[in-house]
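K.L.:
Provided below are the primary sequence and the corresponding predicted coordinates.
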Amino acid sequence: MTDLLLKLFVKNSSDTENPKVRTAIGKLSGIVGIVCNILLFAGKLAVGLISGSVAVTADAMNNLTDASGSIVTLLGFRLAEIPPDADHPYGHARFEYLSGLAVSAIIVVIGFELAKSSAAKIFHPSPVAFSGLLAGVLLGSVAVKLWLSLFNGRLGKRIHSGTLNAVAQDSRNDVLSTSAVLAAALIQEYAHLNIDGYVGLGVALLILWSGASLAKETISPLLGEAASPELQALIVDYISRQEKVLGYHDLMVHDYGPGQRFASIHVEMDTREDPLTCHELIDDMERECLKSHNIHLVIHYDPVVTDDPELNRLRKSTEDLLTQIDPRLKLHDFRLVKGCGHTNLIFDISLPGDMDSRKAAIREYLEENLTKQENTHIYTVITFDLTSFNALN
């Protein structure tokens, strides 16, 4: 069914790197979600009012929440495709994240209201009228929600959308909650135990949990979360395969929304290479990353001296000393400046966050031991970088 819907409503649906295709898939998910959840809401609300079940009514309101979420998701994907302008040169793709945040807010508010009504039902219980219609509607809801979970899960994987993955997770939660509501109705009918209010409260708590989880997932990229290991590996694997590239470091990825990723990286090349040739290679790498991976990459050229025995020896000595302090410490941009009475070593160290207070101690340890080894005064000029930008080095 998923493939059929994609074939009917999304042109060139296999080209998921195309922002227009990605937006069309997001819109399809939103429209399908609206239609299915409105139908489920109407059916459950009618059955809930007829039977007097607060649990069924709560489940109906959950479907209304999902329909509202689908509307917001649809709107988010629509706004996200607005092209860059003078005020927003990086585009509007973060509207997708904002739509997810709005959905989470709706979920939390409705979950809170349902929790209050369910608590009232616990203290003031009333009988629930069980019927074949009630069972049929709930079973049908389970089937529809199970399909929606699989549908949105497949679409989310296709376009790497956290919003659609969250919608899929929410549908899986609905399968569990509706099954619990059906179980409560069966228990009251055959075991004569009225647990309707308790199940309604459980559904409300599940709604609240879903809203909080979705908020966390959508807030994180807005705050500037680290790029996924897969995306980092995609960039550095391509860079490291290129001719003349000796190393790389300081990879930074800025996410302005799906399809709007900007990255920068430092690339090391031999100083003996022709600078114009290196510049041309860097241009080619930047273009290829944009063409193949839709990543706006900026590469900083770092010339590296490879034919100086003294520099290579000092670099090896410094690396060994860093390993003795902590194997996680790595260096780059190593340079040597000799003076009449001392030698300056200038380099960067990637530093784990839990070692931030040890910067002075690291510098002192290196200078003391290098001075002993070289029998001359060694001074270090160190720039400490975050390990998170050099984890794949």
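P.N.:
Right, received. Where do you want to start? Residues are numbered from 1 along each chain as shown.
K.L.:
roughly how far apart are the residue lying farthest from the centre of the chain and residue 193?
P.N.:
With distances taken as C-alpha atoms, centre = their mean, the residue sitting farthest from the centre of the chain turns out to be residue 340, at 53.0 Å. As judged by C-beta to C-beta, to the nearest Å, residue 340 and residue 193 stand 92 Å apart. Using the backbone N, CA and C atoms, a C-beta is placed for each residue, glycine as well.
K.L.:
Name the SS class of the residue farthest from the centre of the chain, please.
P.N.:
Counting by DSSP: H, G, I helix; E, B strand; the rest coil, the backbone at residue 340 sits in coil.
K.L.:
Any chance of the backbone angles for it?
P.N.:
Backbone torsions of residue 340, given as degrees, to the nearest 10, read phi -70, psi -40.
K.L.:
Now do the same for it: its pLDDT.
P.N.:
For residue 340, the pLDDT comes out at 77.
K.L.:
Tell me which residues touch residue 74, please.
P.N.:
By C-beta atoms under 8 Å, 6 or more residues apart in numbering, the contact set of residue 74 is 26-27, 30-31, 34.
K.L.:
That one sits in which helix or strand?
P.N.:
Secondary structure assignment for residue 74, by DSSP states H and E: helix 54-80.
K.L.:
Work out for me the element the closest residue to residue 282 other than its chain neighbours sits within.
P.N.:
Computed as C-beta to C-beta, 6 or more residues apart in numbering, the closest residue to residue 282 that is not its neighbour in sequence is residue 299, at 4.7 Å. In this assignment (DSSP H and E), residue 299 forms part of strand 295-304.
K.L.:
Confirm that residue 125 sits in a helix.
P.N.:
No: under three-state DSSP, residue 125 falls outside any helix and is assigned coil.
K.L.:
So what's the residue count around the residue lying closest to it once chain neighbours are set aside?
P.N.:
Leaving aside its chain neighbours, residue 125 sits nearest to residue 194 (4.9 Å; criterion: C-beta to C-beta, 6+ apart). Residue 194 has 16 neighbouring residues, counting by other C-beta atoms under 10 Å.
K.L.:
I figured residue 194 was touching residue 188, is that so?
P.N.:
Yes: with contact defined as C-beta atoms under 8 Å, residue 194 reaches residue 188; the gap is 5.5 Å.
K.L.:
can you map out the helices along the stretch 101-250 of the chain?
P.N.:
Using DSSP state H, counting those that start in this stretch, the helices of the stretch 101-250 of the chain run over 132-159, 162-191, 196-223, 229-240.
K.L.:
Can you name the residues in contact with the last one?
P.N.:
Contacts of helix 229-240 from elsewhere in the structure, counted by C-beta under 8 Å, 6+ apart, are 245, 248, 251, 253, 261, 263, 265, 267, 285, 288-289, 293, 295, 297, 299, 391-392.
K.L.:
packing partners for the lengthiest helix in the chain?
P.N.:
Using DSSP state H, we find that the single longest helix of the chain is helix 19-51. When contacts are defined as 3 or more C-beta pairs under 8 Å, 6 or more residues apart in numbering; DSSP states H and E, helix 19-51 sits against helix 2-9, helix 54-80, helix 132-159, helix 162-191.
K.L.:
circling back: what subset of the contacts of helix 229-240 is buried?
P.N.:
In the contacts of helix 229-240, burial by neighbour count holds for 245, 248, 251, 253, 261, 263, 265, 267, 285, 289, 293, 295, 297, 299, 391, counting by 16 or more other C-beta atoms under 10 Å.
K.L.:
Could you pull up the contacting residues of the fourth one?
P.N.:
The reference is to residue 253. 226-227, 231-232, 235, 261-263, 295.
K.L.:
same thing but at 10 Å, please
P.N.:
224-228, 231-232, 235, 261-265, 295, 297, 389 (C-beta atoms under 10 Å, 6 or more residues apart in numbering).
K.L.:
what's the one helix or strand residue 310 maps to in contact with?
P.N.:
In the assignment (DSSP H and E), residue 310 maps to helix 309-325. For helix 309-325, the surrounding residues in contact (C-beta under 10 Å, 6+ apart) are 304-306, 308, 328-332, 334-336, 338, 343, 345, 347, 349-350, 355, 358, 361-362, 365-366, 368-370, 373-374, 378, 380, 382.
K.L.:
can we see that at 6 Å?
P.N.:
With C-beta atoms under 6 Å, 6 or more residues apart in numbering as the test, helix 309-325 has contacts from 305, 329, 334, 336, 366, 369, 373.
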